[in-house]
Each structure stands twice: as C-alpha cells, then as structure tokens.
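# sequence-free structure coming up:
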C-alpha cells in the first residue's frame with residue numbers, strides 16, 4: 001500500500017510513452033492501434049480516460065470505414081461499462097453491433113459481453129419480472145458461449161468454476177481455480193481476479209484464514225498492477241471490522257474509497273458506501289474513548305507531579321534548616337545542597353522522561369511504580385543522611401562530618417542505582433532495543449552485553465536519544481559525564497554504524 005504511488009507512476013510513464021508515440025504519427029490505423037494499448041492501460045485504472053480514448057478510436061474507425069475496428073471498439077466500450085457497473089449502457093452499446101457482421105475472432109467476446117452485462121443487470125435489479133428476464137438472457141448467452149469455447153480456455157474454466165461454486169461443489173471448483181492460477185503471475189489483473197474468486201470459495205468453506213490469505217494476495221496484485229477498479233481490499237476491510245481490527249478496517253476502506261474515486265466506479269461506490277460510514281463511526285468513537293482515557297491519565301500524572309514537588313520542597317526546606325542551625329558546617333552543607341540540586345535535576349529529567357513515555361498505555365503502570373519507588377528510596381536515604389549529619393553535630397564530630405561530605409561513595413552508589421533503575425525500566429519498555437541497535441551497526445562492531453538486564457554507556461546514550469534527549473549537555477548531565485566524553489562516545493558509535501547520516505534518526509524510530 002505504501003508503494004501505490006510508485007506503481008502508479010510506472011503506469012503513467014508507460015501511458016505517456018504511448019501517447020508520445022501516437023502524437024508522432026498521422027496514420028489513422030497506427031494511431032488506432034496505439035490508442036488500443038492506451039485503453040488497455042486505462043481499462044482498470046481510470047474509467048473516464050479509458051472512455052475518452054475508446055471514443056477517439058470509434059471516431060477513427062468511422063473515418064477509416066473499418067467495420068472490424070468499429071465493432072471491436074464497441075465491444076471494448078461495452079466491457080468497460082460492465083466493469084464500472086454501467087450495465088444498461090453496456091447492453092445499449094452491444095445492441096448497436098450487428099451479430100452477422102462480426103468475424104469469428106470477436107464472436108466469443110460478443111457473447112462474453114452480453115453474458116456479463118445481463119449477469120450484472122440480473123444481480124442489481126429488484127423488480128422480479130425484469131430480474132427473471134435478465135437471468136434467462138444471461139443463461140442463454142452463457143450456454144451459447146460455453147458451447148463455442150475451447151474446454152481448456154480461461155473463459156471456459158472460469159464458467160466451469162462458477163457452476164461448481166453455484167452448486168456448492170467447492171473441491172471441484174478449487175481444482176479448476178488452481179489450474180487457472182498456474183497460468184497467471186502476481187502483478188497482473190488475471191492473478192487478482194482468480195485469487196479473489198478463490199477467496200470466495202474459501203468463504204463458502206468457512207475457512208477464514210485462507211479467505212484472508214487470497215484476498216491479501218489479490219489486493220497486492222491489484223496495487224502492483226495499478227488496478228483501481230478492485231474489490232479485494234474493500235472486502236478485507238469488512239472482515240477486519242467484523243474481527244474488531246478497527247485500525248486496519250479504517251485504513252483499508254479509505255484506501256479502497258480513494259481507488260474507487262480515482263477510477264470513477266459506480267459499482268465500487270455502492271459497495272464501499274455500505275461499510276464506510278459504519279467503519280468510520282466505529283473508528284471515531286474508539287478515538288474519542290482513547291482521547292478521554294489519555295486526558296484522565298494526564299490529570300492523574302499532574303496530581304502525582306504536584307505531590308512529588310511538595311515532597312522535594314519539604315526535603316529542601318529540611319536541609320536549609322540544618323544549614324541555618326550549624327554555620328560551622330557551612331562547607332559540608334553547601335556540598336549537600338549541591339548534591340540535592342543535582343538530584344533534583346536528575347529527578348526532573350526522570351519526570352520529563354516519564355511524561356514523554358506516558359503516551360504508551362502498555363508501560364504506564366510499570367513506569368509509575370518504578371518512579372514512585374525511586375522517589376521513596378531517595379527520600380529515605382536523605383533522611384538517613386540527615387540523621388547521620390545531626391548525630392555528628394550533636395557529638396561534635398566535625399572531622400568525621402567533613403570526611404563524610406568529601407566522600408563520593410554515596411554519590412557513586414546512587415549513580416549505580418540510578419543506572420540500574422534506568423536500564424531495567426528502559427529494557428522493560430523496549431526489550432529488543434539492543435538487538436535493533438546491532439542491526440544498525442557493522443557486523444564487526446556489534447555490542448555484546450555480559451548481562452542482559454544491563455546497558456553499557458554507549459547504549460545508555462542511545463537510549464536517551466531514543467527517548468528524545470538529543471542534546472549532549474543534557475545527556476552528560478543525566479549520566480554524570482563531561483560533555484566532551486559524551487561527544488566522543490557519540491562519534492565512536494556513529495563511526496561503527498552502517499549509515500552515519502541517518503543512524504541517530506533510525507535509533508529514534510526503534511519500536
């Protein structure tokens with residue numbers, strides 16, 4: 001589906017080449033033959049343009065006074081009208097053809113056109129009397145055609161398959177369908193049609209899996225062949241809707257509607273009109289529910305953030321009281337204050353990271369639990385640290401207190417805990433992150449971790465980039481490295497990638 005424009009551009013290029021060729025000749029016969037090729041390209045791609053060039057060929061045939069060309073073009077017009085659901089107009093076009101004037105090469109097409117025209121009229125007519133007449137005419141032309149066809153021809157096999165299908169002899173019908181399928185290739189109208197008819201057989205056998213399989217194959221072939229007059233993807237939309245897959249149903253039915261609108265098919269408009277409003281309404285209702293759920297989640301997160309800010313304020317206020325009471329410990333308390341500011345900054349980054357990840361319903365519960373547990377542990381450790389400071393002050397152990405304030409052990413331990421919590425949370429959200437990163441790296445630069453639950457420094461940097469933290473100074477602040485160190489790590493990992501220019505963008509797109 002994503003490549004639809006590419007296939008359409010290829011078809012438009014073929015058509016433009018043909019039209020350019022036609023513009024370079026003044027010989028009517030050559031122009032007629034080229035326009036035939038143009039009509040074949042437009043037949044299932046654009047009804048209006050196909051009709052335009054059919055009318056051009058009718059005019060050329062009349063100027064040439066060539067009955068063969070004239071009848072052949074009228075047959076082409078009739079089949080185009082049938083394919084677009086304009087059955088009465090197709091019969092009118094056929095009635096202009098004199099049966100006796102047709103050569104043997106066109107007689108089968110003549111019967112096929114009448115058969116398909118009356119089949120469409122019979123199926124879409126609600127007046128019982130008219131329906132009976134059309135059905136009788138359809139049967140007559142079908143019998144006449146069947147007696148004329150080579151038993152191994154495509155049209156003969158198609159008629160046999162339909163008869164078996166109507167009689168519910170599904171195994172026999174599948175055998176004939178398999179025989180037909182061997183003669184066609186993906187990317188052609190014939191393949192699309194035969195696989196669609198095969199899906200009908202599996203629908204009658206109540207084999208939903210096989211039905212969808214051949215509808216998908218038919219839809220792919222239609223897209224590759226730039227067939228806008230298609231039924232497979234619209235049928236898939238109905239199945240997806242019945243199975244509760246609203247997203248795909250909505251995507252498929254819109255895709256089918258765009259094709260029908262492009263082709264100008266009355267028949268497809270009617271089929272899509274029966275399902276488009278229902279699917280669109282279900283899609284919109286589900287979107288509204290998701291929006292309401294997201295709003296509730298944002299309110300909850302905002303309230304939670306308020307409690308967290310109050311907790312931070314109370315901790316900060318307690319630290320200030322200790323500082324005011326013990327001027328002699330000013331240097332130690334300044335370092336403690338500095339540590340708290342760093343901790344607050346880290347918490348702010350974690351909170352920002354949490355808000356960025358909150359859109360994912362699947363990770364909210366896990367992340368909120370981890371976030372609350374981390375804050376609880378920090379408050380508990382600060383309280384222990386405060387009590388230890390008060391103990392040293394009360395016992396006048398200033399030297400021990402200064403040694404405590406100079407030690408980096410506490411910060412190192414907290415940094416290790418921070419990294420562990422970050423690694424666990426991130427890998428819980430993106431369990432295949434390391435695997436996807438390795439797919440972007442050269443084979444000899446693959447990252448092998450000793451512990452599956454732990455990231456190394458390069459992977460933590462990439463993890464923060466994935467979470468939207470792209471600024472090196474912010475990354476350095478979170479991971480407690482210098483900015484130059486972060487630059488060096490990023491340059492090193494980029495040089496190990498398969499594509500330096502898009503590497504970090506690909507990291508952001510990892511799911």
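Alright, I've got the coordinates. Just so it is clear, the structure is predicted and the values come from calculations on it, not from any experiment.
# how about the helix or strand hosting residue 50: buried residues?
Under the criterion of DSSP states H and E, residue 50 resides in helix 47-64. Applying a neighbour-count criterion of 16 or more other C-beta atoms under 10 Å, one finds 47, 49, 50, 51, 53, 54, 56, 57, 58, 60, 61 buried in helix 47-64. Placement of C-beta: from N, CA and C, glycine included.
# Which elements pack onto it?
Contacts defined by 3 or more C-beta pairs under 8 Å, 6 or more residues apart in numbering; DSSP states H and E place helix 47-64 against helix 28-42, helix 67-83.
# returning to that earlier point: closest to residue 505 among the buried residues of helix 47-64?
Ranked by distance to residue 505 (C-beta to C-beta), the buried residues of helix 47-64 are led by residue 49 at 39.9 Å.
# Can you tell me the closest non-neighbouring residue to the closest one?
Leaving aside its chain neighbours, residue 49 sits nearest to residue 42 (4.6 Å; criterion: C-beta to C-beta, 6 or more residues apart in numbering).
# any idea how far residue 403 is from the one you found?
Residue 42 sits 88 Å away from residue 403, going by C-beta to C-beta, to the nearest Å.
# More neighbours: those two, which one.
Taking other C-beta atoms under 10 Å, residue 42 and residue 403 do not tie; residue 42 has more neighbours (22 against 12).
# That one against residue 15, yeah?
Yes. When contacts are counted by C-beta atoms under 8 Å, residue 42 is listed as touching residue 15 (7.1 Å).
# in what helix or strand does residue 244 lie?
Assigned by DSSP H and E, residue 244 belongs to no helix or strand.
# Tell me who's in contact with residue 183.
Residues in contact with residue 183 (C-beta atoms under 8 Å, 6 or more residues apart in numbering) are 154, 190.
# That one looks like it's in a helix, true?
No. Assigned with DSSP: H, G, I helix; E, B strand; the rest coil, residue 183 falls outside any helix and is coil.
# Provide the backbone phi and psi angles at it.
Note on residue 183: backbone dihedrals following degrees, to the nearest 10 are phi -90, psi 0.
# Then residue 432?
For residue 432, the backbone dihedrals (degrees, to the nearest 10) come out as phi -100, psi 20.
# With residue 126 instead?
phi -100, psi -10.
# And it, how far from residue 134?
12 Å.
# of these two, who's got more company?
residue 134 (22 against 6).
# Is that one in a helix, a strand, or coil?
helix.
# Pretty sure residue 122 is one of the things it touches, is it not?
Yes. Look at residue 134 against residue 122 with C-beta under 8 Å: they come within range, at 3.9 Å.
# that older thread, and the helices and strands packed on helix 47-64 as a markdown table, adding distance to residue 433?
Compiled in a markdown table, these are given as follows (distance: least, C-beta to C-beta, whole Å):
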| stretch | distance to residue 433 |
| --- | --- |
| helix 28-42 | 47 |
| helix 67-83 | 50 |
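# Quickly, which of the ones you listed bottoms out on average pLDDT?
Among the helices and strands packed on helix 47-64, helix 67-83 carries the lowest mean pLDDT, at a mean of 90.
# Quick one: distance of that helix to the chain centre.
Averaging C-alpha positions (C-alpha atoms, centre = their mean, to the nearest Å) puts helix 67-83 39 Å from its chain's average.
# Please name every helix or strand in contact with it.
If contacts are counted by 3+ C-beta pairs under 8 Å, 6+ apart, helix 67-83 sits against helix 28-42, helix 47-64, helix 87-95, helix 104-124.
# for those helices, which one sits closest to residue 225?
Of all those, helix 28-42 sits nearest to residue 225, with 10.3 Å by C-beta to C-beta.
# Tell me the helices and strands packed up against that closest one.
Checking 3+ C-beta pairs under 8 Å, 6+ apart, helix 28-42 ends up next to helix 4-23, helix 47-64, helix 67-83.
# again, only this time at 6 Å
Applying 3 or more C-beta pairs under 6 Å, 6 or more residues apart in numbering; DSSP states H and E, one finds that helix 28-42 contacts helix 4-23, helix 47-64.
# Export the ones you listed as a markdown table, with columns for distance to residue 264.
Listed next are the helices and strands packed on helix 28-42 as a markdown table, based on distance: least, C-beta to C-beta, whole Å:
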| stretch | distance to residue 264 |
| --- | --- |
| helix 4-23 | 16 |
| helix 47-64 | 4 |
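# Dump the ones you listed into a markdown table; add mean pLDDT and distance to residue 438 as well.
Shown next, in a markdown table, are the helices and strands packed on helix 28-42 (pLDDT from 0 to 100; distance: least, C-beta to C-beta, whole Å):
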| stretch | mean pLDDT | distance to residue 438 |
| --- | --- | --- |
| helix 4-23 | 94 | 30 |
| helix 47-64 | 94 | 50 |
